[in-house]
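Chemist: okay, here's the prediction I keep looking at, along with the sequence it came from:
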Amino acid sequence: MTINELYSKRAAQWKFMQNFLDTHRDANGCLSAEDDASYQKAEADLNKLTNEIQREERAAAIEAEMNKATSAALVGAPAKGTENKTGRASNEYKADFENHLRGRVLVHNVLSEGTNADGGYLVPTEFERRLISDLAEENVIRKLATVINTQNERKIPLAATHSVATWTAENAAYTESNPTFAQKTLDAFKLTDLARASIELIQDAAFDIEAYLIDEFSRAFAAAEEEAFCVGNGTGKPTGLFIASANGGAPVGATTATTSAIKADDLIDLVYSLKSPYRKNAKFLMNDATVAQVRKLVDENKAYMWQPSMQAGQPDRLLGYELYTSPYVPTFASEALIVAFGDFKSYWIGDRMGRTVQRLNELYATNGQVGYIATERLDAKLILSEGIKLLKVASST
């Protein structure tokens, strides 16, 4: 079944579920126990289709990456000479880095320019570019946020208060306005992962050791990063969005009317708690479990607020805004912060340049394996707090 057929089938399933709710709710707007069981089965089928769509999209992305040309086509007369790449972008550095990964003799002896205090070597430019690309694919917040590269601690100036204009009579004294300024600092916290491979695989020239490590490290780093970007407390890791605003998280824009479920009005209140300039590029972020509740909501015109994507590569929508999910966003519970809405460019991720890989020859030698430690350093913070607002569950007390 093609991905377009999956999209069509999911759209038909969602239409069936809408009609089911419209025709089976009683006078109080509720389903009977039997109807509720039927609806849950239909919802499970919808989730299966959604998972298949996401799987097909990931497979298509991998296929596209694998089919990329490894060199540019010749479209004219050969140019005189070749581009002289230097540093970590040079062919010599790339060749020696692969020799390092496979435990071979370093032919060009150029890795010294990429040594790291932890004993590893800075990865080649192309390796790092592919790793970052895979990180963005696996990590929804990295894909939406502002990502910058830093060499040192980065201080970001902010306007804490703005100037205020006043009506002034003719010949009257001007009223002084004193805007104040503050700053936020992006530091660098260390994130590491250790992967292993058998010596036989590493010695096999057909085994793409770089692709294997990129896949392993990107998956591990993306999961750890996204968790921190959601609920990190800023101690030894980045500061997440879904923590108390006093600790650096996003401010609360709206609170649910009840402690039992999300209502349509709660989401509408959240949308309009955000200043209109930020709503132009705003998006929703929540847990899949919360989406399961939101799918059943209708607005005052009885139109469903959640709409499934009809096109491959495009996200679902809620109230007309793109909807993204993360397993690390808190789920529904008393006083939990469960939905973020806003312009995620207000959240900044600072990558400290230079990811490293260190080969461990002896640690797993008795198992016939070689270990590889990857290290990256980064920090992340909500820079413009007014750019993202949260929905908070009402207190049960």
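Modeler: Here it is on my side, so go on.

Chemist: send me the strand or helix carrying residue 23 as CSV with only the CA atoms.
Modeler: Using DSSP states H and E, residue 23 sits within helix 3-24. Presented in CSV, the C-alpha positions along helix 3-24 are these (Å, rounded to 0.1, in the frame of the first residue of the first chain):
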residue,chain,number,x,y,z
ILE,A,3,1.7,6.3,1.4
ASN,A,4,-1.0,8.2,-0.5
GLU,A,5,-3.3,5.2,-0.1
LEU,A,6,-2.5,5.2,3.7
TYR,A,7,-3.4,8.9,3.9
SER,A,8,-6.7,8.3,2.1
LYS,A,9,-7.5,5.4,4.3
ARG,A,10,-6.7,7.4,7.4
ALA,A,11,-8.9,10.3,6.2
ALA,A,12,-11.7,7.9,5.6
GLN,A,13,-11.3,6.3,9.0
TRP,A,14,-11.3,9.7,10.7
LYS,A,15,-14.5,10.7,8.8
PHE,A,16,-16.1,7.4,10.0
MET,A,17,-15.1,8.3,13.6
GLN,A,18,-16.6,11.8,13.3
ASN,A,19,-19.9,10.4,12.0
PHE,A,20,-19.9,7.7,14.7
LEU,A,21,-19.6,10.4,17.5
ASP,A,22,-22.2,12.5,15.9
THR,A,23,-24.7,9.7,15.7
HIS,A,24,-24.0,7.8,18.9
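
Chemist: next, the buried residues of that helix.
Modeler: 3, 6-7, 9-10, 13-14, 17-18, 21 (16 or more other Cβ atoms under 10 Å). From N, CA and C alone the C-beta is placed, and that goes for glycine too.

Chemist: from the chain's centre, how far out does that helix sit?
Modeler: Distance of helix 3-24 from the chain centroid (Cα atoms, centre = their mean, to the nearest Å) equals 28 Å.

Chemist: now the angle from the helix or strand following it to helix 3-24?
Modeler: Counting by DSSP H and E, the element after helix 3-24 in chain order, helix or strand, is helix 33-66. Relative orientation of helix 33-66 versus helix 3-24 (axes from the mean of the first three to the mean of the last three Cα atoms, to 10 degrees): 160 degrees.

Chemist: count of neighbours near residue 220?
Modeler: 17 (other Cβ atoms under 10 Å).

Chemist: any idea of the pLDDT on the residue sitting furthest away from the middle of the chain?
Modeler: Going by Cα atoms, centre = their mean, the residue of the chain most distant from its centre is residue 171, 56.0 Å out. Looking at residue 171, its pLDDT reads 81.

Chemist: and it, which of the three is it?
Modeler: Per DSSP: H, G, I helix; E, B strand; the rest coil, the secondary structure class of residue 171 is coil.

Chemist: could you export the buried residues of helix 3-24 as TSV, including distance to residue 178?
Modeler: What follows is these, written out as TSV (distance: Cβ to Cβ, whole Å):
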residue	distance to residue 178
3	57
6	59
7	55
9	61
10	56
13	59
14	54
17	57
18	55
21	56
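
Chemist: what is the nearest of those to residue 377?
Modeler: Residue 377 has its nearest neighbour among those in residue 3, at 37.5 Å by Cβ to Cβ.

Chemist: contact partners for the residue farthest from the centre of the chain?
Modeler: By Cβ atoms under 8 Å, 6 or more residues apart in numbering, residue 171 lies in contact with nothing.

Chemist: that one and residue 177: what is the separation?
Modeler: Separation of residue 171 from residue 177 (Cβ to Cβ, to the nearest Å): 19 Å.

Chemist: burial measure for residue 387, as a count.
Modeler: Neighbour count for residue 387, taken as other Cβ under 10 Å: 20.

Chemist: can you check what pLDDT the model gives the closest residue to it other than its chain neighbours?
Modeler: Using Cβ to Cβ, 6 or more residues apart in numbering and skipping residues adjacent in sequence, the residue nearest residue 387 is residue 346, 2.8 Å away. Note on residue 346: pLDDT of 94.

Chemist: cool, residue 112 as well?
Modeler: For residue 112, the predicted pLDDT is 63.

Chemist: what does residue 325 give?
Modeler: So, for residue 325, pLDDT stands at 95.

Chemist: for the strand or helix carrying residue 292, name the packing helices and strands.
Modeler: Per DSSP H and E: residue 292 is located in helix 288-294. Helices and strands touching helix 288-294, by 3 or more Cβ pairs under 8 Å, 6 or more residues apart in numbering; DSSP states H and E, are strand 321-325.

Chemist: can you name the next helix or strand after the strand it packs on?
Modeler: strand 337-342.

Chemist: give me the helices and strands touching that following strand, please.
Modeler: When contacts are defined as 3+ Cβ pairs under 8 Å, 6+ apart, strand 337-342 sits against helix 264-273, strand 283-286, strand 388-392.

Chemist: among the ones you listed, which comes closest to residue 202?
Modeler: Short answer: strand 283-286, nearest of the helices and strands packed on strand 337-342 by Cβ to Cβ, at 39.8 Å.

Chemist: partner strands of the closest one and their direction?
Modeler: strand 321-325 (parallel), strand 337-342 (antiparallel) (DSSP bridges).

Chemist: CSV for those, including distance to residue 50?
Modeler: What follows is the strands paired with strand 283-286, written out as CSV (distance: least, Cβ to Cβ, whole Å):
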stretch, distance to residue 50
strand 321-325, 10
strand 337-342, 19
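
Chemist: looking at those, which is closest to residue 265?
Modeler: That would be strand 337-342 among the strands paired with strand 283-286, by Cβ to Cβ, at 13.5 Å.

Chemist: in a helix, residue 156, correct?
Modeler: No - in this structure, residue 156 is strand, not part of a helix, as judged by three-state DSSP.

Chemist: that one bridge partners, please.
Modeler: Beta-bridge partners for residue 156, by DSSP bridges, are residue 184.

Chemist: between the buried residues of helix 3-24, which is nearest residue 312?
Modeler: residue 3 (5.1 Å).

Chemist: can you redo the helices and strands packed on strand 337-342 as JSON lines with mean neighbour count, mean pLDDT and distance to residue 92?
Modeler: Converted to JSON lines, those look like this (neighbours: other Cβ atoms under 10 Å; pLDDT from 0 to 100; distance: least, Cβ to Cβ, whole Å):
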{"stretch": "helix 264-273", "mean neighbour count": "18", "mean pLDDT": "95", "distance to residue 92": "54"}
{"stretch": "strand 283-286", "mean neighbour count": "24", "mean pLDDT": "97", "distance to residue 92": "43"}
{"stretch": "strand 388-392", "mean neighbour count": "25", "mean pLDDT": "98", "distance to residue 92": "45"}
